[in-house]
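J.: this one's sequence-less:
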């Protein structure tokens, strides 16, 4: 427990390789940037104010700059990683600071509570009853503990590469149903199951748009803004933009055939150490147009309202509309 909420060795390696992957995939860009000595005004590292996010940012920078710095035989590059106190961070930890979200979405959410109860009665209870019978559990296993058995199963696979402990209690069908339980939970608490989640990433996008505009008009030299945060911050960013959206709501009565059709989920696309890039392009056409592309783990996502994955910068801003320059405190009822 003394290492609770800290990175394990794999967690230290994955962002390091993410940094190396960035250097490889954007080789032309980084080659040009690295012609000059590292400058924190040009390449900005930001992390949520938690040890694992700061360590992830450091590991990413090692992968990105290894061999290009001045330190020791490995030529490491020291970088500046900045953060905002959690209770003030509306960019990467916005869900902590929105009173309305905490009061009506994360807590006291009747829509989610109804779906959760229905799923517990129809899906979790039969699994709990079977396990209670098979293993002589008395009093019978609480159905709401079953999703946490799935979590324990993941834990043993992740840390010890073993499936013979908690995972052995679950069938493949159980695992599918329990994975969906967490997808459904995220849908109602973090994604499209509540309209507030489609607004709360507005500060993130306000900063993004302003940073790009400042570079394009010559008032800033920052060419890369690299952020490390938790998955809870990624969900509202994607949801605010209207991407990473399945074509049907994730309800308690969704049949297994539909669950198999789910394209966007935490297990499939927002697993730990995921990467999201907003790529900015200055085109060499007559109009010198500017374009933006969004990639999640290097898979392009079409931004709604855009004609292709390479979206006109002006169109992108229209898609965001009044989410640019939003009043976060007013939106969240913090005043």
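T.: Right, received. Where do you want to start? Everything quoted here is computed from the prediction, not taken from an experiment. Residues are numbered from 1 along each chain as shown.

J.: can you pull out the helices in the stretch 201-335 of the chain?
T.: Here the stretch 201-335 of the chain has its helices, by DSSP state H, counting those that start in this stretch, at 202-216, 231-241, 256-259, 313-320, 328-331.

J.: nearest to residue 292, out of the ones you listed?
T.: helix 313-320 (5.0 Å; CB to CB). The way it works is simple: take the backbone N, C-alpha and C, and place the C-beta from them, glycine included.

J.: skipping its backbone neighbours, what lies nearest residue 36 in space?
T.: Nearest non-adjacent residue to residue 36, counting by CB to CB, 6 or more residues apart in numbering: residue 42, 7.4 Å away.

J.: could you do residue 39 as well?
T.: Once flanking residues are discounted, residue 39 sits nearest to residue 221: 7.5 Å by CB to CB, 6+ apart.

J.: what do you get for residue 231?
T.: Looking at residue 231 with CB to CB, 6+ apart, the closest residue is residue 270, at 5.6 Å.

J.: quick one: the one you found and residue 249, what's the gap?
T.: 18 Å (CB to CB, to the nearest Å).

J.: for the two, indicate the residue with more neighbours.
T.: Higher neighbour count among residue 270 and residue 249: residue 270, with 19 against 12, using other CB atoms under 10 Å.

J.: pull the contacting residues for the more buried one.
T.: 231, 234-235, 244, 264, 296 (CB atoms under 8 Å, 6 or more residues apart in numbering).

J.: rerun at 10 Å
T.: If a contact means CB atoms under 10 Å, 6 or more residues apart in numbering, then residue 270 has 186, 190, 231, 234-235, 238, 244, 264, 276, 296-297 as its contacts.

J.: farthest pair in those residues?
T.: Farthest pair in those (CB to CB) is 190 and 297. Separation: 18.2 Å.

J.: looking at these two, which is more packed in?
T.: Legend: neighbour count by other CB under 10 Å for residue 190 and residue 297, higher for residue 190 (25 against 15).

J.: and the more buried one, how far from residue 213?
T.: Using CB to CB, residue 190 is found at 29 Å from residue 213.

J.: and residue 305, by the same measure?
T.: Counting by CB to CB, the gap from residue 305 to residue 213 is 19 Å.

J.: same thing with residue 163?
T.: Plainly put, residue 163 is 50 Å away from residue 213 if you go by CB to CB.

J.: now swap in residue 312 and tell me
T.: 14 Å.

J.: same question, residue 260
T.: 43 Å.

J.: so the two - more neighbours on which side?
T.: Set residue 260 next to residue 213 and count neighbours by other CB under 10 Å: residue 213 wins out with 15 against 9.

J.: can you pick the most crowded of the contacts of residue 270?
T.: Most neighbours among those, by other CB under 10 Å: residue 190, with 25 neighbours.

J.: that one touches residue 266, doesn't it?
T.: Yes. With contact defined as CB atoms under 10 Å, residue 190 reaches residue 266; the gap is 9.2 Å.

J.: pull up the overlap in contacts between the two.
T.: Residues within reach of residue 190 and of residue 266 at once, by CB under 10 Å, 6+ apart, are 231, 234-235.

J.: how about the nearest residue to the most centrally placed residue in the chain, chain neighbours excluded?
T.: Nearest to the mean C-alpha position of the chain, by CA atoms, centre = their mean, lies residue 234 at 2.8 Å. Of all residues not flanking residue 234 in the chain, residue 270 sits nearest, at 6.0 Å (CB to CB, 6+ apart).

J.: kindly calculate the angle that the helix or strand hosting residue 53 makes with helix 231-241.
T.: Taking DSSP states H and E as the criterion, residue 53 maps to helix 51-65. Put simply, helix 51-65 runs at 70 degrees to helix 231-241, going by axes from the mean of the first three to the mean of the last three CA atoms, to 10 degrees.

J.: give the rounded mean pLDDT of helix 51-65.
T.: Average pLDDT, helix 51-65: 96.

J.: ok now the helix or strand following it, how far from the chain's centre?
T.: Sequence order places strand 81-82 as the next helix or strand after helix 51-65, per DSSP H and E. Chain-centre distance of strand 81-82: 19 Å, with CA atoms, centre = their mean, to the nearest Å.

J.: which is the next helix or strand following strand 81-82?
T.: helix 99-101.

J.: helices and strands around the next helix or strand after that next one, which ones?
T.: Helices and strands here follow DSSP H and E; after helix 99-101, the next one along the chain is helix 110-119. Helices and strands touching helix 110-119, by 3 or more CB pairs under 10 Å, 6 or more residues apart in numbering; DSSP states H and E, are helix 172-189.

J.: list the buried residues of the helix it packs on.
T.: Using 16 or more other CB atoms under 10 Å as the test for burial, helix 172-189 gives 174, 177-181, 183-189.

J.: how far off helix 231-241 does that helix point, in degrees?
T.: 60 degrees.

J.: now the angle between helix 110-119 and helix 172-189, please.
T.: 170 degrees.
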